Every structure is written in C-alpha cells, then in structure tokens.
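Sequence unavailable; structure follows:
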C-alpha cells in the first residue's frame, strides 16, 4: 500500500475517533495519535488538523514554540494542497494584526482628506498616455478613494478557450488589490481598480505568458542588450522558471514601462488560481513595491524577524511573511497600500529591503501602521 493511502487511512480513522460526539477520552487520544501519524506521513488535511490543534492549545510541541510550529505546519498543509489551510492562515494573521492595532485607532474620529506622516494632505494625480497605471486619490462623500486604472495588453500563445481563462485569471489577480484599508495612523481608504483592454502602444501593462520557446527568446534578448547585472538576474529567473516583472530600466517610476512575465510548467500556466496569485504579486511591483522575501542569488537578504511591527503579525518563520510581496498567496495589507500611496505620491519605489543600487527603505515601515 502506498504512503498516501496509508496516511489517508490513519487520517480518516483518527477523525472518526477524535471528533466523534460520544467517544471516550481513550478513543479521542487514540484518534489524535492517528491524526499525528497521518501528518507525519505527509497528509495535507492531517497537517492542517495538527496545526489547528496546536493553535487551539489542545496539544503542545515538546521541541518548538507552539505558535511558530503551528504556522509552519499550516503553511506546509497549504503547499500539500489543502486550500482551507491558506484561508485559515490568512484569517489568523489578519486577526493578530487587528488585535495589535485596533486599540490605537478605534477611539479616534479620523475623517477628512488623507493626511500623510508629515501632517500634509496626500495628493495623487498620476494619469496620462505615458502612465501605465493611472492613480488618482479623491475625497468624495466623506471617503478617501484611490482610483487605479490599468489598460492590459495580454500576450499568450494558446487556444482561444485557454487564452480567455488566462485573461480571466490575470484580471482577478489585479482586482485582489481592491478593498478597504487603514493607512497613516488608522485613516480609511478605499482602493478601486478599473481594467480596460484597449489597443494602446504606450499606456498599457503588458502581461506575457511565457512558454518554453518564448522564454528562450526573452532570455536571448536580455543576453544581447542587457547589462551584466541584468543578465545574471535573468539567468537566475529563467533557470528557476519564475515569473517576474520588468518595471523600468534602472528603477521604477510612474512613467516606466511595465511588463509582467508569467512562466512555469504547463500545469502552473493553466492553473487559474495560481496565475491569479502570481499576477497579484507581480502587479505589486507595477504599483511600485519591492520584494519582501529572501533570495540570496538575487542579492535580497530578507527582512529580519521583529524588524517592523506592521508586518510581525504576518510572520510564519524568520524572514518569511504571509504577505503578497513575500508570498504571492499572502494577503494585501494596510501597509502595502500605504506603500502604494507613497510610491505614486513621491514617484519613488517603496522598498522593504535594499535592492541593488536602491537602498532607501519605505517610510511606511516603522511607523506603526
């Protein structure tokens, strides 16, 4: 019998014994041991259940901090294919964040046009034929609203039905940035995104779905015209078949050309859920945000544990956070939107960590929210 079927057997037997309404304590203990055994055999649902029991204080780890170990297991359960684990992880981290910051702002009556850290009104009016992402901040009917407009030019060599599924996933990934957020000390802002797909040469974000042949072509072009640094960077990306964003020569600006390349094996490229979340992360770069994760091959050292309280609640392990610019499946946070506002206000990329020649960390970090 294969390991998976053994793990499945122990998981189901364990659930019956542990969660049965009228089961005795010895039966529950036996059920718990079966669930743990299934988790050790690699079962995704059992891994989720063990993580949940750790967080609920039902069981304790003898070797690790309960919460840290549970979050690592929850993340493992997600990557083993148990979708509910990611939903719980997002919920848990958001809950920790709001418990930390709610009391700071709940008693304040914060109304009126958005005010930045410097005490001045935040003014954003970035639009035009040379601005791939239009951004306009308005105060309307007692609400601060950040209007983002993006025209997409989607390039994908595939059949019509597959192409439309890919386009739908791209749109969904971009819209994941919409929502209600709190920035600059608890002031509310709504982000809304208008997506068009008109034929425009300059005023567009290009989304390229790279199969093997197209990827080889892009790499050859970079090898021909790119700097040594760009060639090395591209080599690491293409070798790992990672998606990436080209957001300007040298650095991001509101006017720089923005191209998002989506690549991977056929299964990954045809998985709408995965494509949506990958686009969500790469669109963050188009909005002016740097990466949060650690990647020594690309010169990224990662953000140390406890460095900024705004992101500590989202930490899964040291230097790894359940946030969109660290993990594409992570959430878009208040802090991310605060950084987007600063990027478009100041026309400057917002960094979590130094990257190549760019050294200045975003002022959104270390300010509390």
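Structure received. This one's a predicted model, so the numbers in the text were calculated from it and none came from an experiment.

Give me the most central residue, the protein.
Nearest to the mean C-alpha position of the chain, by Cα atoms, centre = their mean, lies residue 324 at 1.5 Å.

So that one is in contact with residue 282, correct?
No. Using Cβ atoms under 8 Å, residue 324 is not in contact with residue 282, being 10.0 Å away. (C-beta placed from N, C-alpha, C; glycine too.)

What pairs with the strand or helix carrying residue 209, parallel or antiparallel?
For residue 209, the host element (DSSP states H and E) is strand 205-210. Paired strands of strand 205-210, with direction, are strand 143-156 (parallel), strand 258-263 (parallel) (DSSP bridges).

Which positions within the last one qualify as buried?
This means strand 258-263. 258-263 (16 or more other Cβ atoms under 10 Å).

residue boundaries of the strands in the stretch 151-300 of the chain?
179-183, 187-196, 205-210, 244-246, 258-263, 294-295, 300-301 (DSSP state E, counting those that start in this stretch).

what number of residues lie near residue 126?
18 (other Cβ atoms under 10 Å).

Figure out how far the strand holding residue 209 is from the centre of its chain.
Here the centre of strand 205-210 is set off from its chain's centre by 19 Å, with Cα atoms, centre = their mean, to the nearest Å.

start at 686 instead
Done: numbering now begins at 686, and the last item shifts to strand 890-895.

ok, and what's touching it?
Strand 890-895 is contacted from outside by 817-818, 835-843, 851, 855, 899, 903, 942-948, 954, 964, 968, 971, using Cβ atoms under 8 Å, 6 or more residues apart in numbering.

Out of those residues, which end up buried?
By 16+ other Cβ under 10 Å, the contacts of strand 890-895 give 817-818, 835-839, 841, 851, 855, 899, 903, 943-948, 954, 964, 968, 971 as buried.

about what we covered before: now the strands paired with strand 890-895 as CSV including mean pLDDT and distance to residue 697?
As requested, these are exported to CSV (pLDDT from 0 to 100; distance: least, Cβ to Cβ, whole Å):
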stretch, mean pLDDT, distance to residue 697
strand 828-841, 95, 41
strand 943-948, 90, 38
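
want to throw the ones you listed into a markdown table with distance to residue 1000?
As requested, the strands paired with strand 890-895 are exported to a markdown table (distance: least, Cβ to Cβ, whole Å):
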| stretch | distance to residue 1000 |
| --- | --- |
| strand 828-841 | 27 |
| strand 943-948 | 27 |
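
show me what contacts the residue nearest to the centre of the chain?
Residue 1009 sits in contact with 861, 965-966, 969, 1015-1018, 1021, where contact means Cβ under 8 Å, 6+ apart.

For residue 1044, which of the strands paired with strand 890-895 is the nearest?
Ranking the strands paired with strand 890-895 by proximity to residue 1044 (Cβ to Cβ) places strand 943-948 first, at 22.5 Å.

And for that closest one, what's in contact with it?
Residues outside strand 943-948 that contact it (Cβ under 8 Å, 6+ apart): 817-818, 890-896, 900, 903, 923, 926-933, 954, 960, 963-964, 967-968, 970-971.

could you flag which of these are buried?
Listed as buried from the contacts of strand 943-948 are 817-818, 890, 892-895, 900, 903, 923, 928-933, 954, 960, 963-964, 967-968, 970-971; burial here means 16+ other Cβ under 10 Å.

Can you give me the neighbour number for the closest residue to residue 837 other than its chain neighbours?
Leaving aside its chain neighbours, residue 837 sits nearest to residue 882 (5.1 Å; criterion: Cβ to Cβ, 6 or more residues apart in numbering). Other residues lying near residue 882 total 14 when counted by other Cβ under 10 Å.

Please identify the buried residues of the helix or strand encompassing residue 691?
Taking DSSP H and E as the definition, residue 691 sits inside helix 688-704. Buried positions in helix 688-704, judged by neighbour count with 16+ other Cβ under 10 Å: 692-700, 702-703.

What average pLDDT does it get?
Computed over helix 688-704, the mean pLDDT rounds to 89.

Can you show me the helices along the stretch 786-935 of the chain?
Under the criterion DSSP state H, counting those that start in this stretch, the stretch 786-935 of the chain contains helices at 845-860, 897-910, 913-925.

same question, the stretch 936-1054 of the chain
Using DSSP H, counting those that start in this stretch, helices in the stretch 936-1054 of the chain cover 951-954, 957-971, 994-997, 1019-1031.

Provide the contact partners of the last one at residue level.
Residues lying outside helix 1019-1031 but in contact with it, judged by Cβ under 8 Å, 6+ apart, are 782, 799, 801, 807-809, 811, 820, 822, 831, 862, 866-869, 874, 876, 937, 939, 969, 972-974, 995-996, 1008-1010, 1033-1035, 1047-1050, 1054.

let's see 7 Å
807-809, 811, 820, 831, 866-869, 874, 876, 939, 969, 972-974, 995-996, 1008-1010, 1034-1035, 1047-1049, 1054 (Cβ atoms under 7 Å, 6 or more residues apart in numbering).

how far is that helix from where the chain is centred?
15 Å.

For residue 824, name its beta-bridge partners.
Under the criterion DSSP bridges, residue 824 forms beta bridges with residue 829.

what's the least confident stretch among the strands of the stretch 836-985 of the chain?
Mean pLDDT is lowest for strand 929-931 among these, at a mean of 83.
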